[in-house]
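1. Return atomic coordinates for the entry below.
(one chain, ligands or ions: 1)
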Amino acid sequence: MSFQTLGLGPNILRAIEESGYSEPTPIQSAAIPVIIEGNDVTGIAQTGTGKTAAFTLPMLATLERLKNEGSRERKTRALVISPTRELVVQIHDNVKAYAKHLPLKVATVYGGVGEGPQKQALRNGVDLVIATPGRLMDLMDQGCSDFSGLEFLVLDEADRMLDMGFLPNIRRICKALPKKGRQTLLFSATLSREIEKLTHEFQY
Ligand code: AMP
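-> Numbers count the residues shown, from 1 in each chain. The predicted model follows:
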């Protein structure tokens, strides 16, 4: 399998090459084409398998493709929720590398630092938000975000978010998001009954 056959587009392929990846990992080969086709996906994969690229690459490719068709205004188009600040920063690093030839604005939202710059970034308008649940909910409650045009929701490390007690936050956040026209991706290291229930609750 090669990255060329997965439907990612030349700008992203160039960034992948610059990242030094020669071929997709198994989770990437399995997930990327299915996500590009517009499906909701539940991915069971541990850290270290390349799972971050498995959802960020096709998400970026889809955002690029739809933008090229000129069909959307500048509202937040994708939201990635992850349990910890460290993971948010890691995902952001991945996105920066893969989207370096795309004109996308990205913001990170997490606790333990001042809210000011994060609020300002959201108010200025960003295409993609990568966030932890607690701070994201605080900023949504303050009316800083506009998710009315959301095209992608990603729940990363869903099992860990459940273990950390984030389910009520995630439910509240999801209630405030549009349900139509949205693709929902859920990634988890383990598949449990709780994770299956989550997929039924949040994927449509
Ligand atoms: P993750 O499982 O998302 O935490 O990724 C683990 C590491 O694998 C990260 O440092 C990625 O940059 C790297 N990686 C992701 N996809 C590939 C690939 N196709 N080839 C080589 N390295 C990769």
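2. Quick check: what element follows the helix of greatest length in the chain along the chain?
-> Using DSSP state H, we find that the single longest helix of the chain is helix 51-68. Once the chain leaves helix 51-68, the next helix or strand it forms, by DSSP states H and E, is strand 78-81.
3. which helices and strands does that next one pack with?
-> helix 51-68, strand 128-131, strand 152-155 (3 or more C-beta pairs under 8 Å, 6 or more residues apart in numbering; DSSP states H and E). Placement of C-beta: from N, CA and C, glycine included.
4. for the first one, which positions count as buried?
-> By 16 or more other C-beta atoms under 10 Å, the buried positions in helix 51-68 come out as 51-64, 67.
5. Report whether the longest helix of the chain contacts the ligand.
-> Yes. With C-beta under 6 Å from any ligand atom as the criterion, the ligand is reached by helix 51-68 at Lys51, Thr52, Ala53.
6. after the host helix or strand of Ile170 comes which helix or strand?
-> Assigned by DSSP H and E, Ile170 belongs to helix 167-175. Sequence order places strand 183-188 as the next helix or strand after helix 167-175, per DSSP H and E.
7. what residues does the helix or strand that that following strand is followed by touch?
-> The first helix or strand that comes after strand 183-188 along the chain, using DSSP H and E, is helix 193-202. With C-beta atoms under 8 Å, 6 or more residues apart in numbering as the test, helix 193-202 has contacts from Thr42, Leu153, Leu155, Ala158, Asp159, Leu162, Leu167, Arg171, Cys174, Thr184, Leu186, Ser188.
8. quick one: the second one and Leu185 touch, right?
-> Yes. In this structure Leu153 lies within contact range of Leu185 using C-beta atoms under 8 Å: 7.3 Å.
9. Next, the buried residues of stretch 133-148.
-> Neighbour-count burial for stretch 133-148, counted by 16+ other C-beta under 10 Å, picks out Pro133, Gly134, Arg135, Leu136, Met137, Asp138, Leu139, Met140, Cys144, Ser145, Phe147.
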